[in-house]
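Engineer: give me a 3D structure for the following:
(one chain, ligands or ions: 3)
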Amino acid sequence: MVVLSQPVALDNHISVIPTYKPVPVLTSHSIPVVDLTHPEAKTLIVKACEEFGFFKVVNHGVCPDLMTRLEQEAVGFFALPQSLKNQAGPPEPYGYGSKRIGPNGDVGWIEYILLNANPQLSSAKTSAVFSQSPLIFREAVEEYMKEVKEVSCKVLEMITEGLGIEPRDSLSKMVRDEKSDSCLRLNHYPTAEEEAEKMVKLGFGEHTDPQIISVLRSNNTSGLQICMKDGSWVAVPPDHSSFFINVGDALQVMTNGRFKSVKHRVLADTRKSRVSMIYFGGPTLSQKITPLPSLVPKQEDWLYKEFTWSQYKSSAYKSKLGDYRLGLFERQPLLTHRSNV
Ligand SMILES: C=C1C[C@]23C[C@@]1(O)CC[C@H]2[C@@]12CC[C@H](O)[C@@](C)(C(=O)O1)[C@H]2[C@@H]3C(=O)O
Ligand SMILES: O=C(O)CCC(=O)C(=O)O
Ligand SMILES: [Fe+2]
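Structural biologist: Numbering: from 1, shown residues only. Ligands and ions are numbered 1, 2, ... in the order given. As a prediction, the model looks like this:
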């Protein structure tokens, strides 16, 4: 188990963090679990993406030591004095951030590191993240990203096979591209005192992930919740040896809405700090995002306008966390002509 040796105080530049009165959390739905080595895995993945936009994968082939090593390095970074951490921030969007999420006023009980998956795009800020243990931390990040990228591509190939789309690398090639705009986020949610009337602190407000696919791993601390189609929230039991996969906005578009980009959030735990690491598999900036032609051949059936990932990203960075970002890219349904009105 990896632990922070001392309690970490989040930098105090924002005095108020919204506390959050939880809605009743239903636990009756169980989160789908997919064994990646199971012969029916592709069918189960498609079903999970349609019903939840979210599932857990086991037998993923990633060495547990690699996950623990990166967690240890992240914990080491978050335990540094605030002044040293601040040298790696503020995030623009990469680097170290505390309490503020994104550029538009969202806050949460969280500190984090956001890294571009392409090491050639590293900046002075991202180098400052590694400054205390440059070789070990950087190597842990690179090895981890290589492995989780493979998991994301394996899952994307099972999705294309399950949907009967040719070629099977139609989606995975976007993430495998050396210019793919993927990133890694390391989140730390310190423990939060429960306030009056069972108010808990919001760690990461509700949102959908903009990319194609997200691969999430956390320590054994709870807090993550996903939103069901009926609007109810379900707590995801933590499991440090598995990955949780999210459908992102771009995959919702590419499947013409058949897969839903899952709304999720994190509430801070009152007893244990949570450390999560999420790989966001994205396409290249110039990639056109449209429903896959082999899935939806007739353009008049497309529910979304064509846009590039770069356009979507700029629009996402102008939005607040909880905004419905795809709204701007939806096509108006054609009005059917009614002659006898
Ligand atoms: C408020 C914001 C933070 C975010 C960019 C945005 O303007 C809206 C999307 C947010 C999100 C959610 C998923 C990932 O954590 C993230 C890195 C991303 O790609 O989109 C964050 C962005 C961020 O924290 O910079
Ligand atoms: O920390 C988590 O478990 C989820 C965080 C998240 O949704 C994100 O970083 O986009
Ligand atoms: Fe997310």
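
Engineer: low pLDDT regions in the chain?
Structural biologist: For the chain, applying pLDDT under 70 flags the ranges 1-16, 22-29, 195-197, 333-341.

Engineer: and it, which residues reach ligand 2?
Structural biologist: R185, N187, F204, D209, L216, S218, L224, H264, V266, S276, I278 (C-beta under 6 Å from any ligand atom). C-beta here means a position set from N, CA and C on the backbone, and glycine is covered the same way.

Engineer: in this protein, which spans are helices?
Structural biologist: Along the chain, counting by DSSP state H, helices occupy 41-51, 64-78, 82-86, 124-129, 134-163, 172-176, 249-254, 309-316.

Engineer: which of those sits most buried?
Structural biologist: Among these, helix 249-254 has the highest mean neighbour count (mean count of other C-beta atoms under 10 Å), at a mean of 25.

Engineer: for it, packing partners?
Structural biologist: Helices and strands touching helix 249-254, by 3 or more C-beta pairs under 8 Å, 6 or more residues apart in numbering; DSSP states H and E, are strand 288-289, helix 309-316.

Engineer: try it again with 7 Å
Structural biologist: strand 288-289 (3 or more C-beta pairs under 7 Å, 6 or more residues apart in numbering; DSSP states H and E).

Engineer: now what about the strand it packs on, what contacts it?
Structural biologist: Here strand 288-289 makes contact (C-beta atoms under 7 Å, 6 or more residues apart in numbering) with A250, V253, M254, E306, F307, T308, W309, Y312.

Engineer: with stretch 216-226 instead?
Structural biologist: Residues outside stretch 216-226 that contact it (C-beta under 7 Å, 6+ apart) are 2, 25, 52, 54, 67, 71, 189, 203, 233-238, 240, 243-244, 246, 262, 264-269, 272-278.

Engineer: same question, stretch 49-67
Structural biologist: Stretch 49-67 is contacted by residues 31-37, 45, 48, 143-144, 147-148, 151, 159, 217, 226, 239, 241-247, 258-262 when judged by C-beta under 7 Å, 6+ apart.

Engineer: burial check on R271, number of neighbours?
Structural biologist: Other residues lying near R271 total 9 when counted by other C-beta atoms under 10 Å.

Engineer: now swap in T37 and tell me
Structural biologist: 10.

Engineer: for it, what are its contacts?
Structural biologist: Contacts of T37 (C-beta under 7 Å, 6+ apart): N59.
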